[in-house]
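Student: I'd like to go over a predicted model; first the sequence, then the structure.
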Amino acid sequence: MIRARYIMCKRTAVRPNTAGREVAFKMMGTGCPGIPVVDDQMKVLGVVTAFDILKALRSGTKIDDLTVDKVMSGAPQTADPDTPLETLIDMLINNNYSIIPITKNDKLVGIVSRNEILVAYAEPHLYQSYEE
């Protein structure tokens, strides 16, 4: 069985006071549609997505006046590194999420996006050794 730990990315996170332009560059640089927002102990406070930023920009907020805490969604569902692939898919679909923060002991250890799940299906040979 493929689990979150095998497909998650150890991508970046941002703090609540991160500027809009900086988080936009991080999203573009990682190719990830969303980034977890964490505190100093790496506890997930929320998620900021490209959609959140676009909504703020469309409403007239300038990207240099935007900070993550103004647009992030709070308290997202998280998953454990041992969460099965099928459960991750259900979480994405049922909640219309673009990413799922993966946590261990309440600390961010990675993220799974729709893209990682698609890769697991499109290139299953990459994960055959992980199947139980």
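Tutor: Good, I have the coordinates.
Student: can you map out the strands along the chain?
Tutor: All strands of the chain, identified by DSSP state E, fall at 34-38, 44-49, 73-74, 99-104, 107-113.
Student: who touches the last one?
Tutor: Residues from elsewhere that reach strand 107-113, judged by C-beta atoms under 8 Å, 6 or more residues apart in numbering: 4-5, 7-11, 13, 32-36, 38, 41-44, 79, 81, 88, 98-103. Where C-beta positions appear, they are placed from N, C-alpha and C, glycine not excepted.
Student: how far is that strand from where the chain is centred?
Tutor: Put simply, strand 107-113 sits 7 Å off its chain's centre (C-alpha atoms, centre = their mean, to the nearest Å).
Student: just the mean pLDDT for that strand, thanks.
Tutor: For strand 107-113, the per-residue pLDDT values average out at 96.
Student: please identify the buried residues of it?
Tutor: Leu108, Val109, Gly110, Ile111, Val112, Ser113 (16 or more other C-beta atoms under 10 Å).
Student: which of these lies closest to Tyr127?
Tutor: Comparing the buried residues of strand 107-113 against Tyr127 with C-beta to C-beta places Val112 closest, at 13.1 Å.
Student: which strand residues bridge the closest one?
Tutor: For Val112, the beta-bridge partners are Ile100 (DSSP bridges).
Student: okay, it and Leu57: tell me how far apart.
Tutor: For Val112, the distance to Leu57 (C-beta to C-beta, to the nearest Å) stands at 27 Å.
Student: sorry, back to before: in CSV: the strands of the chain, plus distance to Met28.
Tutor: As requested, the strands of the chain are arranged in CSV below (distance: least, C-beta to C-beta, whole Å):
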stretch, distance to Met28
strand 34-38, 11
strand 44-49, 13
strand 73-74, 20
strand 99-104, 15
strand 107-113, 14
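Student: could you tell me the least trusted of the ones you listed?
Tutor: strand 73-74 (a mean of 90).
Student: gap between that strand and the chain center?
Tutor: Using C-alpha atoms, centre = their mean, we find the averaged C-alpha position of strand 73-74 to lie 12 Å away from the chain's own average C-alpha position.
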